[in-house]
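Colleague: Give me the fold of what follows.
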Amino acid sequence: MFDSVKILIRMTYTLEIIEQKTYIELENDLQNIGKMLGGWLKYLKNPQTKATPLQNRP
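Modeller: Okay, here's the model as predicted:
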């Protein structure tokens, strides 16, 4: 699904629906979101870490 968003944003730029500045900003934001999601997934898949709800943390 995340790749679909990237493709749609690229298409809007290619079709000149958004300006280059907006496209670059969106691509940077998507790259950061992708890094965060990847980190969270890696953390959750690691059997050595215990995922606890935020409300139970000190």
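Colleague: what residue ranges in this structure are flagged as low confidence?
Modeller: Under the criterion pLDDT under 70, the flagged ranges of the chain are 49-58.
Colleague: Is Glu25 in a helix, a strand, or coil?
Modeller: helix (DSSP: H, G, I helix; E, B strand; the rest coil).
Colleague: Show the residue spans covered by the helices in this protein.
Modeller: Residue ranges of the helices in the chain, as given by DSSP state H, are 2-14, 20-45.
Colleague: will you turn these into a markdown table that also has mean neighbour count?
Modeller: Quick note: C-beta positions are derived from backbone N, CA and C, even for glycine. Below are these laid out as a markdown table (neighbours: other Cβ atoms under 10 Å):
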| stretch | mean neighbour count |
| --- | --- |
| helix 2-14 | 12 |
| helix 20-45 | 11 |
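Colleague: Give me the most central residue, this protein.
Modeller: Nearest to the geometric centre of the chain sits Ile33, at 2.5 Å (Cα atoms, centre = their mean).
Colleague: Quick check: chain neighbours aside, which residue is closest to it?
Modeller: Nearest residue to Ile33, sequence neighbours excluded (Cβ to Cβ, 6 or more residues apart in numbering): Phe2, at 7.8 Å.
Colleague: what residues are up against the one you found?
Modeller: For Phe2, the contact set (Cβ atoms under 8 Å, 6 or more residues apart in numbering) comprises Leu30, Ile33, Gly34, Leu37.
Colleague: Nice, that's everything, thank you.
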